[in-house]
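K.L.:
Structure of the sequence below:
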Amino acid sequence: QVQLAESGGGLVQAGDSLRLSCAASGRTFSNYAMAWFRQAPGKEREFVAAMRWSGGSNPYYADSVKGRFTISRDNAKNTLYLQMNSLKPEDTAVYYCAADYRWGSVRLPTGWDYWGQGTQVTVSS
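P.N.:
The predicted structure is shown next:
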């Protein structure tokens, strides 16, 4: 099992940048695929980005964040990152990191077994 803890959220203005971190503990971090999801008030949790265990194929991104957000990981630090640039008010949500041994339905919340508690990102216009 792996434990996940997000940090780095906050209140920013439209056009600003923010970097989220997800610290992992427990099992070997490099054995897990990792992802970011987000959930706005009154909406379902939606996919943001995902990447495989170590290197491998290119990360996956939601169309709404492609070109603005970058997912990365540092296996030596057991940390996943989400660099968010050119933020928009519609990016406002609680952001969650997720982990799983499998690489299956990566765009669905049901495709991930382990979740952090989330960090709030608020983008003002």
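
K.L.:
For the residue most central in space within the chain, which non-adjacent residue is closest in space?
P.N.:
Central residue of the chain (Cα atoms, centre = their mean): residue 36, 2.1 Å from the mean position. Leaving aside its sequence neighbours, residue 36 sits nearest to residue 48 (Cβ to Cβ, 6 or more residues apart in numbering; 4.2 Å). Any C-beta I mention is one placed from the backbone N, CA and C, and that applies to glycine too.

K.L.:
pLDDT below threshold where in this structure?
P.N.:
Along the chain, the model assigns pLDDT under 70 to residues 55-56.

K.L.:
What ranges does it have for its strands?
P.N.:
Ranges of strands within the chain are 2-7, 10-13, 18-26, 33-39, 46-51, 60-61, 69-74, 79-84, 93-100, 114-115, 119-124, based on DSSP state E.

K.L.:
other SSEs contacting the second one?
P.N.:
Spelled out, that is strand 10-13. When contacts are defined as 3 or more Cβ pairs under 8 Å, 6 or more residues apart in numbering; DSSP states H and E, strand 10-13 packs onto strand 119-124.

K.L.:
in the strand it packs on, what counts as buried?
P.N.:
119, 121, 123 (16 or more other Cβ atoms under 10 Å).

K.L.:
List the pairing partners of that strand within its sheet, with orientation.
P.N.:
If you go by DSSP bridges, strand 119-124 pairs up with strand 10-13 (parallel), strand 93-100 (antiparallel).
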